[in-house]
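1. Next come a sequence and a model predicted from it.
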Amino acid sequence: MDIKHYVNGQWIKEESMHCIPVSNPANGEVITNVPMASKELVHEAIQHAKHAQKEWAKVPAPKRADYLYAIGERLRDEKERLARILTMEMGKVIEEARGEVQEAIDMAFYMAGEGRRLFGQTTPSELPNKFAMSVRAPIGVVGLITPWNFPIAIATWKSFPAIVAGNTVVWKPSTETPLMAYELAKIIEEVELPDGVINIVFGGGSDVGSLLVEHPDVHVISFTGSTETGRKIAELGGKHLKKVSLEMGGKNAIIVMEDADLDLAVEGIIWSGFGTSGQRCTACSRVIVHEAIKEELADRLITAMESLKLGNGLDEGVQIGPVIHKSALHKIHSYIQLGLQEGATLLKGGRIADFESGHFYEPTLFTDVKPQSRLAQEEIFGPVISMIAVQNLEEAIEVNNSVKYGLSSSIFTQDVTKVFQAQRDLDTGIVYVNAGTTGAEIHLPFGGTKGTGNGHRDSGIQSLDVYTEWKSIYVDYSGTLQRAQIDN
Ligand SMILES: NC(=O)c1ccc[n+]([C@@H]2O[C@H](COP(=O)([O-])OP(=O)(O)OC[C@H]3O[C@@H](n4cnc5c(N)ncnc54)[C@H](O)[C@@H]3O)[C@@H](O)[C@H]2O)c1
């Protein structure tokens with residue numbers, strides 16, 4: 001499949017184009033080549049987006065929303081085909097890939113509905129015969145920079161609210177997973193979204209990504225990726241006084257209290273820890289367990305892990321797919337060595353899985369992990385769970401909150417008092433009760449605190465705050481010049 005950039009409604013293949021191969025992580029087969037955009041093309045895409053935004057902002061929001069309904073319909077028609085491509089390029093198992101495409105569909109319809117709301121506020125004026133209101137105004141050109149682990153959902157969390165609010169978009173997808181972006185571009189073309197409203201340029205982070213962040217005609221940057229990259233973007237964006245929304249890494253924990261339903265807890269831990277091979281920003285990588293049940297929980301987890309099936313995500317019945325590439329495999333393995341050096345006890349896994357091709361890591365469980373060890377503090381982004389024993393809920397919450405990240409947390413307990421105490425004191429942007437750390441719904445705000453985010457949210461109505469400015473409008477119909485801010 002020959003991938004091209006999509007700029008101003010045109011498919012662009014540059015003469016001097018440099019391409020890099022993209023391979024299926026399940027078997028190493030090259031599935032496409034991704035072109036690296038030149039500086040000139042990125043600049044051109046931004047200029048088209050800037051030009052298109054002036055007209056797009058004048059289109060009534062309910063009409064802008066009609067394009068999202070059409071995109072949603074096309075995504076729904078293509079769901080199975082897209083899910084299969086997603087599994088091929090990213091590796092997640094087909095059920096999860098279907099779930100991800102469904103998220104994009106849901107986001108299209110949800111944000112299309114927003115075209116008939118985009119609520120502002122009216123409020124009384126302090127002066128007679130004067131009307132006061134505030135409305136959401138689009139900001140201009142939005143630059144999107146996205147990761148490989150959710151190649152379509154995250155882009156739709158960002159681009160759909162951006163365009164329904166009257167902005168235009170230049171999107172730089174991850175070079176690991178360009179096919180989903182290419183497929184979305186084809187749908188955008190089919191529904192005849194006006195030229196320049198969504199532009200897609202492929203390329204590396206430090207060149208194409210940085211260009212978007214630096215460019216004076218890009219007014220907002222919406223980024224999802226690692227905390228390390230987010231920090232660089234925040235620094236560069238800050239230098240250019242740019243609005244920057246950052247959704248970054250996580251080190252999420254499940255707390256299991258002594259009164260928990262252990263069958264449920266085991267299911268929650270297995271699914272959130274090993275689903276997507278641990279490559280979710282919300283993946284559970286720590287289990288904070290009450291001392292009294294730590295052995296029983298470990299035994300049950302080991303039993304549940306015995307039956308997990310690794311393999312190509314396209315094969316039905318496979319529960320755990322590959323990790324994205326070889327260097328991820330080696331990074332994960334280096335954390336196993338580190339954990340052992342730090343005194344943790346390896347209960348299961350800890351090995352690169354024995355497959356002829358592809359990048360597979362065995363689901364891994366450690367116990368006796370020290371809360372301050374690097375194994376317990378750093379994002380591994382692989383199928384590795386560390387168990388940490390605690391004496392009570394207060395200690396569990398302290399351990400949960402001791403990491404630099406703050407995305408998702410969860411507690412398994414039957415005690416309503418503990419539930420309310422935990423939801424108040426856990427310092428993450430998302431808290432689950434009697435469910436794992438993954439499984440966010442698109443109509444709730446998604447994001448985290450501390451090293452995970454900078455106060456913005458993807459999804460939910462709250463995401464509109466990233467893509468709009470509040471404009472306050474005063475209409476004086478008194479026929480006289482009424483002077484406000486004067487105390488007679
Ligand atoms: N909080 C969330 O919502 C969320 C969701 C999914 C993934 N993530 C995080 O994403 C990470 C995994 O994704 P990844 O490996 O693709 O992350 P990454 O930070 O390596 O890359 C993310 C994107 O940033 C680009 N990039 C890299 N360097 C850049 C630079 N200097 N300037 C501009 N852009 C640059 C990349 O090309 C890519 O498109 C994990 O840390 C995970 O937790 C967070």
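-> Nice, thanks for sending it over. As the structure is a computational prediction, the values presented were derived from the model and not from experiment.

2. Only C-alpha atoms from now on, for both contacts and neighbour counts.
-> Fine.

3. any idea how far the closest residue to residue 378 other than its chain neighbours is from residue 244?
-> What sits nearest to residue 378 in space, not counting adjacent residues and going by C-alpha to C-alpha, 6 or more residues apart in numbering, is residue 251, at 6.7 Å. From residue 251 over to residue 244 the distance is 22 Å, taken as C-alpha to C-alpha, to the nearest Å.

4. quick one, which of those two is more surrounded?
-> Neighbours per residue (other C-alpha atoms under 10 Å) separate residue 251 from residue 244, with residue 251 holding more: 27 against 23.

5. List the contacts of the residue nearest to residue 378.
-> 281-286, 376-379, 403, 405-407 (C-alpha atoms under 8 Å, 6 or more residues apart in numbering).

6. near the ligand, anything from stretch 180-200?
-> No - on the criterion C-alpha under 6 Å from any ligand atom, stretch 180-200 is out of touch with the ligand, staying 11.6 Å away.

7. okay, how far is it across that stretch, tip to tip?
-> Stretch 180-200 end-to-end distance (C-alpha to C-alpha) = 11 Å.

8. pretty sure residue 210 contacts residue 233?
-> Yes - counting by C-alpha atoms under 8 Å, residue 233 is a contact partner of residue 210 at 7.5 Å.

9. I'd like to know how many residues surround residue 327.
-> Neighbours around residue 327, by other C-alpha under 10 Å: 11.

10. More neighbours: residue 210 and residue 233, which one.
-> Between residue 210 and residue 233, residue 233 has the larger neighbour count (other C-alpha under 10 Å), namely 24 against 16.

11. how about that one, phi and psi?
-> Backbone geometry at residue 233, expressed as degrees, to the nearest 10, gives phi -70, psi -40.

12. who's in contact with it?
-> By C-alpha under 8 Å, 6+ apart, the neighbours of residue 233 are 210, 213, 244.

13. mind redoing it with 7 Å?
-> Residue 233 sits next to residue 213 when contact means C-alpha atoms under 7 Å, 6 or more residues apart in numbering.

14. how near is it to residue 242?
-> Applying C-alpha to C-alpha, the value for residue 233 to residue 242 is 10 Å.

15. and the residue nearest in space to the middle of the chain, which of the three is it?
-> Centroid check for the chain by C-alpha atoms, centre = their mean gives residue 154 as the closest residue, at 4.9 Å. When classified by DSSP: H, G, I helix; E, B strand; the rest coil, residue 154 comes out as helix.

16. Can you get me a residue count around residue 27?
-> 18.

17. What pLDDT does the model give it?
-> Per-residue confidence at residue 27 stands at 97 (pLDDT).

18. Leaving out sequence neighbours, find the closest residue to it.
-> That would be residue 358: by C-alpha to C-alpha, 6+ apart, it lies 4.2 Å from residue 27.

19. can I assume residue 253 sits in a strand?
-> Yes - under three-state DSSP, residue 253 falls within a strand.

20. Give me the phi and psi angles of whichever residue of the stretch 251-400 of the chain sits closest to the ligand.
-> Here the stretch 251-400 of the chain gets closest to the ligand at one residue, residue 281, 3.5 Å apart by C-alpha to the nearest ligand atom. When quoted as degrees, to the nearest 10, the phi and psi of residue 281 stand at phi -60, psi -30.

21. So it is in contact with residue 247, correct?
-> No - if you go by C-alpha atoms under 7 Å, residue 281 and residue 247 don't touch, sitting 9.1 Å apart.

22. Let me see the contact set for residue 408.
-> Applying C-alpha under 7 Å, 6+ apart, we find residue 408 in contact with 252, 282, 428, 429, 430, 431, 437.

23. which residues of the chain score low on pLDDT?
-> In the predicted model of the chain, residues 1, 488 satisfy pLDDT under 70.
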